[in-house]
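[1] Here is a sequence together with a model predicted from it:
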Amino acid sequence: MTRKTSVRIVLRHPARIQVDDEIDLRILREEDASELFALTDGNREYLRRWLPWVDATKAVEDTLRFIREAGEQLRRNDGFQAGIGYREQLVGVAGYHYWNWANRKTEIGYWLAERFQGMGIMTRACGALVAYAFDKLGLHRVEIRAAAGNVRSRAIPERLGFVQEGVLRQAEWTLGGPEDQVVYGLLRKDWEAARKEARRSL
């Protein structure tokens, strides 16, 4: 009889990751609930096209519940959710949906307030999460999945060198109904090769 074993790696994670001079990622705390809800509520029409959870977020208590669930996720050592700070202002959320330690992989999810689009904020934030996954967590693979029609969301993995690996038919439910989901993947070796090439070109 073969005994099943699971791989579990426990690490201490920083409360804040400094991305660059303008951007930082901060683990969400309960005291962030009011500010995060206000950001969600102020961008409701923009976000709800692709994010079905927005319509269910009707009060600060809903956002507080999300933050508490994110705290439990981190305590389980299964990912974290961080507020994106841009020049000390909360502008969105990015994090890991899970950490699959057995298969050394994770998936990144994110959203950004409308008026901060087009400034490179999310690309830099997600780049930091990719680097953290490979350099600090020792993972082998990072995925990003986006609705086929969500051009802005898909641009993030494409800028970061992810490979489009496939399309899952009608895998997301959006405001417009079922939507195909595009799967992007990035391997550690590809990330390291790209980073070395970037350093050589400086």
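    Right, received. Where do you want to start? Numbering: from 1, shown residues only.
[2] Only alpha carbons, please: show the lowest-mean-pLDDT helix or strand in the chain as CSV.
    Within the chain, confidence by mean pLDDT, DSSP states H and E is lowest for helix 188-200 among all helices and strands, at a mean of 91. The C-alpha trace of helix 188-200 is given here as CSV (Å, rounded to 0.1, in the frame of the first residue of the first chain):
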residue,chain,number,x,y,z
ARG,A,188,11.0,29.7,-14.0
LYS,A,189,13.6,29.0,-16.6
ASP,A,190,12.0,31.4,-19.1
TRP,A,191,11.7,34.1,-16.5
GLU,A,192,15.3,33.8,-15.5
ALA,A,193,16.5,33.8,-19.1
ALA,A,194,14.5,37.0,-19.8
ARG,A,195,15.9,38.6,-16.7
LYS,A,196,19.5,37.8,-17.7
GLU,A,197,18.9,39.1,-21.2
ALA,A,198,17.5,42.4,-19.7
ARG,A,199,20.6,42.8,-17.5
ARG,A,200,22.9,42.2,-20.5
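[3] could you list every residue that touches Tyr46?
    Residues in contact with Tyr46 (Cβ atoms under 8 Å, 6 or more residues apart in numbering) are Ala113, Glu114. (Each C-beta comes from the backbone N, C-alpha and C, glycine too.)
[4] cool, His13 as well?
    His13 neighbours (Cβ under 8 Å, 6+ apart): Ile27, Leu74, Phe80.
[5] With Glu35 instead?
    By Cβ under 8 Å, 6+ apart, the contact list for Glu35 reads Leu90.
[6] Remind me which helix or strand it belongs to.
    helix 33-42 (DSSP states H and E).
[7] That helix: what's the following helix or strand?
    Using DSSP H and E, the helix or strand that follows helix 33-42 in sequence is helix 44-47.
[8] Go through that following helix and flag the buried ones.
    Buried residues in helix 44-47, counted by 16 or more other Cβ atoms under 10 Å: Tyr46, Leu47.
[9] Which one (most neighbours) among the contacts of His13?
    Among the contacts of His13, Phe80 has the most neighbours (other Cβ atoms under 10 Å), with 21 neighbours.
[10] Give me the distance between that one and Ala133.
    Going from Phe80 to Ala133 by Cβ to Cβ, to the nearest Å gives 11 Å.
[11] Give me the common contacts of those two.
    Tyr96.
[12] Could you tell me the phi and psi values at Ala146?
    phi -140, psi 150 (degrees, to the nearest 10).
[13] check contacts around it.
    By Cβ under 8 Å, 6+ apart, the contact set of Ala146 is Ser153, Arg154, Ile156, Pro157, Gln181, Val182, Tyr184.
[14] Just send those residues back as JSON lines, with pLDDT too.
    Output for the contacts of Ala146, formatted as JSON lines (pLDDT from 0 to 100):
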{"residue": "Ser153", "pLDDT": "98"}
{"residue": "Arg154", "pLDDT": "98"}
{"residue": "Ile156", "pLDDT": "98"}
{"residue": "Pro157", "pLDDT": "98"}
{"residue": "Gln181", "pLDDT": "98"}
{"residue": "Val182", "pLDDT": "98"}
{"residue": "Tyr184", "pLDDT": "98"}
